[in-house]
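Student: model the following, please.
(one chain, ligands or ions: 1)
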Amino acid sequence: MSDNTAKLTMGDKSWDLKVRPGSIGPDVVDIASLYAQTGCFTYDPGFTSTASCESAITYIDGDEGTLLYRGYPIEQLAEHGDFLESCYLLLYGELPTKAQKDDFVHRVTYHTMIHEQMSRFFTGFRRDAHPMAIMVGTVGALSAFYHDSTDISDPHQRMVASLRMIAKMPTLAAMAYKYHVGQPFVYPRNDLDYASNFLHMCFAVPCEEYKVNPVLARAMDRIFILHADHEQNASTSTVRLAGSSGANPFACIAAGIACLWGPAHGGANEAALNMLSEIGSVDRIPEYIARAKDKNDPFRLMGFGHRVYKNYDPRARIMQKTTHEVLAELGIRDDPLLDVAMELEKIALNDDYFVEKKLYPNIDFYSGITLRALGFPTTMFTVLFALARTVGWIAQWKEMVEDPSQKIGRPRQLYTGAAQRDYLPISQRR
Ligand code: SDX
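Tutor: Sure, this is the predicted structure:
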């Protein structure tokens, strides 16, 4: 790329387009004035080569398999930090001092309760409603209860809404689970850390005391860290687009939850575990590998492949390690699904099809085995993804709202429909 311009030539005309370098990673060709200059749009379905915004939050190097939150490698944050520390980092841009962390934890802790009337929303759902459907409904409904933090032009209200979302998602997620299994809701406890409080709200029952296993709580907290943010993925782009119209943060997060639900995105953790269960045993793996490679078969290996990672997803490595820790702590010597997953990974990583297309396990490949071992039904897997990703969605939404250059997102199209034609009375139609 020449110094800081790219030349576009069409016919006998040419234009210089500004090239902007990032702090790390690919440069961008600024095409904001392209339509005004050339009368043409660019065309990039799925945004495979399009940067939708400028961001300083998360960086991914797909070839290297690198993931940084505000410059810190995910491996170090998962090893040495905890989820609320990563939340502070994603929101404010720096690791907190002890005083800052204590204050942040206190503020989140004292926002974990939800308005008592919100619990009535749950009774409107069937007991077998998918928990993600419940989350889309109840998170969107938060804007009906917290009018004092929906004015996005007010920095204080933006921060209060951010804290409320991070604090209340575990409470709503646990309530969705409890409603699903027909048990009474369990209130948050201020004496428990974030992950322990969530496990307690999910698995405690009124009949006896529930002691949170610290090893499992640590694993849950680490899983939250791994899922916290991931650049401009589909659900984050949905939150940004919804937010660009000025919609309130609760509505934007509800839109993100809806997008995350899809099996090609966050729904892949549920789909991956269902796939492993369907394969059932190691000897049936070749049949499914063949199906994944068959152009005429819509079957894909769930938990495999990624738009950005063309190397091993660094989160999948940490997740695999966490899976072994959790199974060991629970005394699960041999989990047939883990055997299938490990063998499937080994076979796929040595198969030309997957090697050529650079398809590696992603974060969703091992997470289902871990979450199932922790006691969650498969329908709750994507809810846990949404719980953790809320801080990423909020941080990206906040960055967009505070970006002076931001404007409403409004893509154009390549029109291939009918040219203008006149109305035909029905009597004349053939
Ligand atoms: C997440 O974007 C993010 O950052 C998302 C995420 C996050 O943290 O927010 O990382 C979370 O969504 C992880 C991805 C979870 N989804 C799955 O595991 C579902 C299975 N994977 C695929 O559906 C697919 O890999 C995607 C959707 C993840 C990526 O699709 P792309 O980038 O559009 O790639 P593609 O569909 O164009 O595939 C490229 C080729 C195709 O073959 P050809 O048409 O070129 O011959 O690879 C093939 C695909 O058929 N392929 C697969 C495959 N994934 C891609 N073949 C078999 N099994 C697969 N899983």
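
Student: count of neighbours near Ala167?
Tutor: 23 (other C-beta atoms under 10 Å). In short, each C-beta sits where N, CA and C put it, glycine included.

Student: that one and the ligand, how far apart?
Tutor: In this view, Ala167 and the ligand are 22 Å apart by C-beta to the nearest ligand atom, to the nearest Å.

Student: wait, is that residue part of a helix?
Tutor: Yes - Ala167 forms part of a helix when assessed by DSSP: H, G, I helix; E, B strand; the rest coil.

Student: in contact with the residue lying closest to it once chain neighbours are set aside, which residues are there?
Tutor: Distances taken as C-beta to C-beta, 6 or more residues apart in numbering put His111 closest to Ala167, at 3.5 Å, once the chain neighbours are dropped. Contacts for His111 were tallied using C-beta atoms under 8 Å, 6 or more residues apart in numbering; they are 163-164, 166-168.

Student: show me which of these is closest to the ligand.
Tutor: Lowest distance from the ligand to the contacts of His111 (C-beta to the nearest ligand atom) belongs to Ile166, with 17.5 Å.

Student: with pLDDT added, can I get the contacts of His111 in CSV?
Tutor: Shown next, in CSV, are the contacts of His111 (pLDDT from 0 to 100):
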residue, pLDDT
Leu163, 96
Arg164, 95
Ile166, 98
Ala167, 98
Lys168, 98
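
Student: neighbour-wise, which of those leads?
Tutor: Ranking the contacts of His111 using other C-beta under 10 Å puts Ile166 first, with 27 neighbours.

Student: near the ligand, which residues of this protein? Just list them.
Tutor: For the chain, the residues in contact with the ligand (C-beta under 6 Å from any ligand atom) are 46, 230, 233, 264-266, 268, 292, 300-308, 357, 359, 362-364.

Student: for the stretch 251-400 of the chain, which spans come out with low pLDDT?
Tutor: Scanning the stretch 251-400 of the chain for pLDDT under 70 picks out nothing.

Student: buried among the residues of the chain next to the ligand? Make that a PyMOL selection.
Tutor: Only the buried entries of the residues of the chain next to the ligand go into this PyMOL selection, using 16 or more other C-beta atoms under 10 Å:
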select buried, resi 230+233+265+266+268+292+300+301+302+303+304+305+306+308+359+362+363+364
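
Student: helices - which of the residues of the chain next to the ligand land there?
Tutor: Filtering the residues of the chain next to the ligand for membership in helices, criterion DSSP state H, returns 268, 292, 363-364.

Student: farthest-apart pair in the residues you listed, please.
Tutor: Pairwise distances across those (C-beta to C-beta) peak at 18.6 Å, for the pair Ala292 and Ile363.

Student: reformat the ones in helices among the residues of the chain next to the ligand as a markdown table; add distance to Gly65.
Tutor: Shown next, in a markdown table, are these (distance: C-beta to C-beta, whole Å):
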| residue | distance to Gly65 |
| --- | --- |
| Ala268 | 18 |
| Ala292 | 21 |
| Ile363 | 12 |
| Asp364 | 16 |
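
Student: closest to Ile426 among those?
Tutor: Of those, the one sitting nearest to Ile426 (C-beta to C-beta) turns out to be Ala268, at 47.4 Å.

Student: contact partners for the closest one?
Tutor: Counting by C-beta under 8 Å, 6+ apart, Ala268 has contacts 302-303, 362, 364.

Student: give me the residue from this structure nearest the ligand.
Tutor: Using C-beta to the nearest ligand atom, the single residue of the chain nearest to the ligand is Gly305, 2.4 Å away.

Student: thought that residue was touching Ile363?
Tutor: No - counting by C-beta atoms under 8 Å, Gly305 stays clear of Ile363, with 11.8 Å between them.

Student: flag the shaky bits of the stretch 51-200 of the chain, pLDDT-wise.
Tutor: For the stretch 51-200 of the chain, no range has pLDDT under 70.

Student: do a quick rundown of the helices in it.
Tutor: Assigned by DSSP state H, counting those that start in this stretch, the stretch 51-200 of the chain shows helices spanning 74-80, 83-92, 98-109, 119-123, 131-141, 155-181, 194-203.

Student: then the fourth one to PDB, C-alphas only?
Tutor: In PDB, the C-alpha atoms belonging to helix 119-123 read as follows (Å, rounded to 0.1, in the frame of the first residue of the first chain):
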ATOM      1  CA  SER A 119     -40.800 -11.400  37.800                       C
ATOM      2  CA  ARG A 120     -44.400 -11.300  36.500                       C
ATOM      3  CA  PHE A 121     -43.100 -11.300  33.000                       C
ATOM      4  CA  PHE A 122     -41.800 -14.900  33.400                       C
ATOM      5  CA  THR A 123     -45.300 -16.300  34.300                       C
END
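
Student: and the residue nearest to Ala167, its phi and psi?
Tutor: phi -120, psi 10 (degrees, to the nearest 10).

Student: let the chain start at 34 from now.
Tutor: Noted, 34 is the first residue going forward, which turns the last one into His144.

Student: please report how far it lies from Pro331.
Tutor: 43 Å (C-beta to C-beta, to the nearest Å).

Student: list the contacts of Asp372.
Tutor: Val315 are the contacts of Asp372 under C-beta under 8 Å, 6+ apart.

Student: check the one 4 residues further on too.
Tutor: By C-beta under 8 Å, 6+ apart, the contact set of Glu376 is 315, 318.

Student: okay, and it sits in which element?
Tutor: Using DSSP states H and E, Glu376 maps to helix 369-382.

Student: buried sites along that helix?
Tutor: 370-371, 373-375, 377-378, 381.

Student: how far off centre is it?
Tutor: How far helix 369-382 lies from its chain's middle: 24 Å, per C-alpha atoms, centre = their mean, to the nearest Å.

Student: next: stretch 153-164.
Tutor: That offset, for stretch 153-164, works out to 23 Å (C-alpha atoms, centre = their mean).

Student: ok, stretch 259-279 next?
Tutor: On C-alpha atoms, centre = their mean, the centre of stretch 259-279 falls 8 Å from the chain's centre.

Student: verify the stated contact: Ser314 with Pro369.
Tutor: Yes - with contacts counted by C-beta under 8 Å, Ser314 reaches Pro369, the gap being 7.0 Å.

Student: circling back: so what's the residue of the chain closest to the ligand up against?
Tutor: Neighbour list for Gly338: 390, 392-393, 395 [criterion: C-beta under 8 Å, 6+ apart].

Student: okay but Leu249 is in contact with Thr403, surely?
Tutor: No - the criterion here is C-beta under 8 Å, and Leu249 misses it with Thr403 at 9.8 Å.
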